[in-house]
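J.: structure for the following, please:
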Amino acid sequence: MSIVSSDLVAYNALNQPVDDASAAGGGIDAKSRVVFTQLTATAKVTFQSTDAGDTGNVTITGRDATGRVISEVLVMGGAAETASVNSYARLHSVRMAGDAIGTVTVRQGMGGSTITTIPAGERGFAALFQQSSSGVAPVTRYDKLFFKNATGTGLTLFAPTVSLALDATGDYEIGLAAAVNDAVAIADRVSAPAGISFVGLNDPVDVPGGVLDAGDAIGVWVKQTLAANEGAHNTSITGVLSGQTV
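T.: Got it, this is the predicted structure:
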């Protein structure tokens, strides 16, 4: 049996700031995945679990059609699909109050297309650079995610590399942590992480050590550079962890 793509999972870092004054990065948050795909239109967000016991609170944060940041706490309906009160143009984060019991499907509208799923034992997902925007001067920010070899078969990923495969805006670069399973944080997301070299689109970077064992994760710093008064984007970036398996 070989490692498959679903075994390689993108998780958030523990520090997920929504401003330019709070710490960013740190160790892996294995309860929160990174979601790169945004909504295709303004819509309510719905939740439906495979387990009737998933009836706790979930906090949803995003932007409405005017760009205003909005948030609400929704009581999930277990196996019954439950919709948000607010309509969202962009999602920033979804956080359950406790671990999911079943697999929770998050959709764009009642019975709509799937945004993502929250696996059992996890609590949600978040985008990078939450609530960030351009200003009267150019601004550069840094955020962090982790790519984890989450295979349950104990297999090692050999010769792993990480690359930025899609960036429609040209605003992003990536750089890898100095070692796997690191916990380096920065004081705020406008302070560059020390010793990190950044590369752009389609430029694979080798994971330090040359292997990613089962259960290990490599920290990936993402650099966002916005021009002065740059307009809003409702697009996604795509990062890829690749390697060899048996």
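J.: in contact with the spatially most central residue of the chain, which residues?
T.: The structure's the chain has its C-alpha centroid closest to Val34; by C-alpha atoms, centre = their mean the separation is 1.6 Å. By C-beta atoms under 8 Å, 6 or more residues apart in numbering, the contact list for Val34 reads Ala10, Tyr11, Asn12, Phe125, Ala126, Ala127, Leu128, Leu145. (Glycine included, C-beta is placed from N, CA and C.)
J.: if you count contacts, what does the helix or strand hosting the fourth one end up packed against?
T.: In other words, Phe125. For Phe125, the host element (DSSP states H and E) is strand 124-126. Under the contact definition 3 or more C-beta pairs under 8 Å, 6 or more residues apart in numbering; DSSP states H and E, strand 124-126 sits against strand 24-34, strand 90-96, strand 113-118.
J.: how does it look with 10 Å?
T.: strand 8-15, strand 24-34, strand 57-63, strand 90-96, strand 104-108, strand 113-118 (3 or more C-beta pairs under 10 Å, 6 or more residues apart in numbering; DSSP states H and E).
J.: can you list these in JSON lines and add mean pLDDT?
T.: Shown next, in JSON lines, are the helices and strands packed on strand 124-126 (pLDDT from 0 to 100):
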{"stretch": "strand 8-15", "mean pLDDT": "98"}
{"stretch": "strand 24-34", "mean pLDDT": "98"}
{"stretch": "strand 57-63", "mean pLDDT": "97"}
{"stretch": "strand 90-96", "mean pLDDT": "97"}
{"stretch": "strand 104-108", "mean pLDDT": "97"}
{"stretch": "strand 113-118", "mean pLDDT": "96"}
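J.: could you dump those strands into JSON lines with distance to Ala232 added?
T.: As requested, these are exported to JSON lines (distance: least, C-beta to C-beta, whole Å):
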{"stretch": "strand 8-15", "distance to Ala232": "22"}
{"stretch": "strand 24-34", "distance to Ala232": "20"}
{"stretch": "strand 57-63", "distance to Ala232": "9"}
{"stretch": "strand 90-96", "distance to Ala232": "9"}
{"stretch": "strand 104-108", "distance to Ala232": "19"}
{"stretch": "strand 113-118", "distance to Ala232": "19"}
